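Novice: My questions are about this predicted structure, shown below with the sequence.
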Amino acid sequence: MMVETVMARSVRIICAGGLALGMTAAMAQQASDDVVARVEITGSSIKRIAKEGSLPVQTLSRADIEQSGVQNVADLVAQLPSMQGFITSSASVNGGGGGVQTASIHAIGTQYTLVLLNGRRMAPYGTGSAVNLASIPLSAVERVEILTDGASTLYGSDAIAGVINFILKKNQTDLVVEGTYNSPQEKGGKSSNFSISKGWGNLDSDGFNVQVSYAHDEQKELNASDRDFAKSGVHKFSHKGKQYATWQTSINSTPANVEVVTADDDVVLNHDLLTKNGCTQANTFSRSGACRFDYAATVQLLPELKRDSVFANGTLKLGKDTTAYSELVLSKFTNTARYAPAAQPLTVFSTDPVSGVKTVNNAYMGAYNSSIVPLLASQGVNAADVTDALLYYRGADAGGRTDEYRTDAVHFVVGVDSNISGWDVGASYTHSQNKQTDKALAGYMSANKFEELIRTGKYNPFVSTTGAAALLADAVLHQDLDVTKSKIDVISAKASREVFDLPGGAAALGLGADFTKQTYTDTPAAIAMGPNPGNPGWTDVEIGGGTGSQALDASRKNWGAFAELLMPVAKTLETTAAVRYDSYDAVEKNNVSYDPSGKAAPSGKLGEDVAKATYKLSARWTPVQSLLVRGSYGTGFKAPTLNNIADPLKNAGSSNAFPCPVKSPDPRAVYCRPGSSEYGLLDTGNPNTGDKALKAETSKQATLGFRVEPTTSLSVGLDWWDVKLKNQIRTYSQDQLYGVPALANQYIAVYADPIQKSNVLVAIRQPLNLASSHFQGLDWDTTFRTATPIGKASVNWTGTYMLKAEQETPGVGTEKSIGRFDSYDDVVFRVVSRLIFTLKTSDKLSNSLTVNYRSGYHDKPLTADDAAVRVVNADGTIGGVVAMEDHDVSSYTTLDWQTKLNYVKNLTITAGIRNLLDRDPPFSIRNSGGGNQVGYDGRYADPLGRTFYITAQYRF
């Protein structure tokens, strides 16, 4: 490691993930030893000699990436202490991740973190700016720059939390072959990676360079049954000296539990339990007259992942100062996620409590009369008195619901850089698109075919049936459930040059403009909504899925222009001022959909035009060579997305379990379910205009920090940051909609459910300029380097300490989420840090030990109504439901070891152990993010356990 000072070193900001030990000055290829190249740094449009600037840019070099031991971009980002609140691959197991993996700086949110590839936007997976990190090939990445400060002034909308810029390799000529194999000590979750790259031509000597690389990586699934801490929804644990058990089980079971309602009684029964003296099917057990289903035992903890990617770039010198370039990234990524078999309440017949009209599903009547009616007398029920008969069905015979989420991404760039009359100028065109397909592989069924099997007597959901899987095969869906296409086309131009002299040097001006067209289509399967959702006009409905999606075809254009002025006002003081103006057209919706009343929803131009000016001021001061002080203040904004405005009404599945949100004499109360039950969710956009139109979100950001190097062996850096957001576009959370009476009164509706074929209660969620948020924290990095008798040693400690993470919502109040769940079921960790010890005994051998730490937090408070925790009796049996509002989740510390060997020329062997001490994830009584995984929270901890890996790289 070269000895450096603040003034002399290159951009070397120790990464927040604690992976970097420093960066040398080779930020750009130098034409000769005595010519220093000017480069463009993330967060600025002005080319300059690379040095630590006024903004907190954290950098991961290729060496840092290799030291991390990870094999994909999402895992690399997840290791950084400054990252919180991102979407992990495990979220797809719970039916909510959609096969994507994202980034989120400082827990502010995925939608506020802009991801760039070589400084340019990529097509989002939806209609905002959030990018599926799975589309970026890690093997092609040269370095990563993370700007942990708002950057709307340079990049436009969405960059409120900051920017992550993945910079790909270039000017490579070697043939490089690399392979990695990862194997957990316990069963499941093995992964591997292979990549090959080759370059031709040297840009400086040959006037051109072409590089091509290919990578394939995959991860096998990890099942809940493979880990003791997550293999059942009934998990015994101790709390304050007493024994309890989680109770994450379901009334939806196999064979179906049946609820029969009379004017005087409400009885639940199960055919197996009454005729076979027990629950006979896998993962079922008897409780309170029903067979409960242990859904957590059937799911994955990690999905199966596969990725193939091709990266190619070319650079051609057209003259002394002019270079043309092109980039192409092709990526195919599949995330095959399996969660619990379909949990589907269905109706045999029901009597509307308001109109008195009885609705009968004749498909179920034969099986009901033959299997259930004969059992009613033994339960004290007269069949003639039954007004409602409901079945709580679990489609275990059809298998676990398995989705193949596939993303096909194309990212193409062509551009030219030159110098004209002292101006560094550049122009480029970017076409970026991705197609996401959700394909049903198992577990989902066509309701029409399912009902036909029951009507004809081939299948009976009320009884255990030998060979049921074969009987249901014709009903199981093997088709695309949804296809979305997201595309952006961007034309951009920029220029920078020195404009006048100041006491500290030449001032530089940067100018730029860009134009973007964004298009988005969402095409659900041919299970679609007809013209009257209240009188279902469905072509079919889906057992176990989100019947009710409607198509969307929308587009929008926007443009922006910026100016940036860098002013070295003194030898020790440099200031920067920047301003940007953005204009977004109203959304153009090109198809017809329907609102909850069955009327045609608005099409054409929706919402309002949005225009906004933002600015940023920053400064860096170096009173002495060993000290840097820096700060910034600026504004930002985020335009409403196409989905925010144009989304049609769609079924968003079931809610978490809640007590009924409305009370008698409210007429909606007649549709309440007993106890704590799941209800429905409907989502829709907000196409309003005028005063009710969605407005742009706005922000104010500030940073203040220092970096000091009292000796050449020690470097200490600390940055305070603060972000305030107003007019945040959000929907009310489930907790708010079902738990706040005023909101329930406004947003809880009665809906004719096409699957259950009866009226049910649902919450309608619509995006609103709802909230104001405030985030604040400290990022630090400290590096100590010294020579020892056995080699060069270094210690690097980086981390983030959260000071504030709170949201204020009218009618709800202020929610604080540091160290606790908020109403959206998210947690912000007070402290995330990473400590790396490295010993390089020679150029051929180095070892490192990494300590990863996340602070503990208060678990989700659970009331008795949640029915999620039960007491364990002295004899070990499970007792009654209890509240638990004071459980804490412990801190999480893991150790990673790595050894790197270079004993053979051109061959590098890297071997390591992640989670060296085989630490299980900390126990949580809350199921993972409200999904199917139980016993820990898969968003915040790794279930693999101790994992061995080896990587070999050879250069030809």
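Specialist: Received it, and whenever you're ready, just let me know what you need. If you're wondering where the values come from, they're calculated on a predicted model, not measured in any experiment.
Novice: in the helix or strand encompassing Leu316, what counts as buried?
Specialist: Following DSSP states H and E, one finds Leu316 within strand 304-317. By 16 or more other C-beta atoms under 10 Å, the buried positions in strand 304-317 come out as Glu304, Leu305, Lys306, Arg307, Ser309, Phe311, Ala312, Asn313, Gly314, Thr315, Leu316. Any C-beta I mention is one placed from the backbone N, CA and C, and that applies to glycine too.
Novice: which of those residues sit farthest apart?
Specialist: Glu304 and Leu316 (41.1 Å; C-beta to C-beta).
Novice: where in this protein is pLDDT low?
Specialist: Along the chain, the model assigns pLDDT under 70 to residues 1-52, 94-97, 526-540, 546-548, 595-598, 928-931.
Novice: what about the longest strand in it?
Specialist: strand 480-502 (DSSP state E).
Novice: partners of the next helix or strand after that one in the sheet?
Specialist: Once the chain leaves strand 480-502, the next helix or strand it forms, by DSSP H and E, is strand 505-524. In the sheet, strand 505-524 lines up against strand 480-502 (antiparallel), strand 552-570 (antiparallel) (DSSP bridges).
Novice: Which parts of the protein are helices?
Specialist: Taking DSSP state H as the test, the helices found in the chain are 62-68, 73-78, 152-155, 203-206, 271-275, 362-371, 373-376, 447-455, 468-472, 642-646, 734-739, 741-747.
Novice: Would you mind telling me which of those is nearest Phe293?
Specialist: Per C-beta to C-beta, nearest to Phe293 of the helices of the chain: helix 271-275, 12.0 Å.
Novice: For that closest one, C-alpha coordinates in PDB please.
Specialist: Extracted in PDB, the C-alpha atoms of helix 271-275 (Å, rounded to 0.1, in the frame of the first residue of the first chain):
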ATOM      1  CA  HIS A 271     -63.400 -34.700   8.000                       C
ATOM      2  CA  ASP A 272     -60.100 -36.400   8.800                       C
ATOM      3  CA  LEU A 273     -60.300 -35.400  12.400                       C
ATOM      4  CA  LEU A 274     -63.800 -36.800  12.900                       C
ATOM      5  CA  THR A 275     -63.500 -40.000  10.800                       C
END
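Novice: tell me which residues in it are buried?
Specialist: Quick answer for helix 271-275 (16+ other C-beta under 10 Å): His271, Asp272, Leu273.
Novice: what does stretch 448-459 give?
Specialist: Applying 16+ other C-beta under 10 Å to stretch 448-459 flags Asn448, Phe450, Glu451, Leu453, Ile454, Arg455, Tyr459 as buried.
Novice: quick one: contacts for Gln71?
Specialist: When contacts are counted by C-beta atoms under 8 Å, 6 or more residues apart in numbering, Gln71 is found next to Leu138, Thr180, Asn182, Ser191, Asn193, Asp217.
Novice: Isn't Glu808 up against Ser773?
Specialist: Yes - between Glu808 and Ser773 a contact is recorded at 7.5 Å, counting by C-beta atoms under 8 Å.
Novice: And these two? Which one has more around it.
Specialist: The residue with more neighbours, out of Glu808 and Ser773, is Ser773; 24 against 15, by other C-beta atoms under 10 Å.
Novice: shouldn't the more buried one be in contact with Lys724?
Specialist: Yes - the criterion here is C-beta under 8 Å, and Ser773 meets it with Lys724 at 7.3 Å.
Novice: Could you check how far Ser286 is from Leu274?
Specialist: Taking C-beta to C-beta, to the nearest Å as the measure, Ser286 falls 11 Å from Leu274.
Novice: Also Lys198?
Specialist: From Lys198 to Leu274 the distance is 70 Å (C-beta to C-beta).
Novice: And Gly69, by the same measure?
Specialist: Gly69 is 55 Å from Leu274, by C-beta to C-beta.
Novice: In the longest strand of the chain, which residues are buried?
Specialist: 480-490, 492, 494-498, 502.
Novice: likewise stretch 824-838?
Specialist: For stretch 824-838, by 16+ other C-beta under 10 Å, it's 824-836, 838.
Novice: Relative to Thr110, which of the residues you listed is nearest.
Specialist: So of the buried residues of stretch 824-838, ranked by how close each gets to Thr110 (C-beta to C-beta), first place is Asp826, at 11.3 Å.
Novice: Contacts only, for that closest one.
Specialist: With C-beta under 8 Å, 6+ apart, Asp826 has these contacts: Gly85, Ala107, Ser817.
Novice: Give me the neighbour count for the last one.
Specialist: This points to Ser817. 23.
Novice: I figured it hits Val828, correct?
Specialist: Yes - using C-beta under 8 Å, Ser817 is in contact with Val828, at 4.6 Å.
Novice: Need the overlap of contacts for the two.
Specialist: In contact with both Ser817 and Val828: Ala107, Ala805, using C-beta under 8 Å, 6+ apart.
Novice: Tell me where the stretch 701-850 of the chain has strands.
Specialist: Counting by DSSP state E, counting those that start in this stretch, one finds strands in the stretch 701-850 of the chain at the ranges 714-730, 748-753, 758-765, 768-788, 791-809, 813-816, 831-842, 845-854.
Novice: and of those, who's closest to Val93?
Specialist: Per C-beta to C-beta, nearest to Val93 of the strands of the stretch 701-850 of the chain: strand 845-854, 20.9 Å.
Novice: Do a quick rundown of the strands in the stretch 251-400 of the chain.
Specialist: Going by DSSP E, counting those that start in this stretch, the stretch 251-400 of the chain shows strands at 257-261, 266-269, 284-287, 290-293, 300-302, 304-317, 323-339, 343-351, 358-360, 388-394.
Novice: Could you export the ones you listed as JSON lines, including distance to Ser428?
Specialist: Shown next, in JSON lines, are these (distance: least, C-beta to C-beta, whole Å):
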{"stretch": "strand 257-261", "distance to Ser428": "61"}
{"stretch": "strand 266-269", "distance to Ser428": "64"}
{"stretch": "strand 284-287", "distance to Ser428": "59"}
{"stretch": "strand 290-293", "distance to Ser428": "55"}
{"stretch": "strand 300-302", "distance to Ser428": "38"}
{"stretch": "strand 304-317", "distance to Ser428": "13"}
{"stretch": "strand 323-339", "distance to Ser428": "8"}
{"stretch": "strand 343-351", "distance to Ser428": "49"}
{"stretch": "strand 358-360", "distance to Ser428": "60"}
{"stretch": "strand 388-394", "distance to Ser428": "53"}
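Novice: Asn434: which of the ones you listed is closest?
Specialist: The nearest among the strands of the stretch 251-400 of the chain, by C-beta to C-beta, is strand 323-339 at 8.3 Å.
Novice: Which other helices and strands does that closest one contact?
Specialist: strand 300-302, strand 304-317, strand 401-420 (3 or more C-beta pairs under 8 Å, 6 or more residues apart in numbering; DSSP states H and E).
Novice: so which of these comes closest to Arg854?
Specialist: Of the helices and strands packed on strand 323-339, nearest to Arg854 by C-beta to C-beta is strand 300-302, at 18.1 Å.
Novice: strand partners of that closest one, parallel vs antiparallel please.
Specialist: strand 222-223 (antiparallel).
Novice: Can you give the distance of the strand it pairs with from its chain's centre?
Specialist: Between the centre of strand 222-223 and the centre of its chain there are 20 Å (C-alpha atoms, centre = their mean, to the nearest Å).
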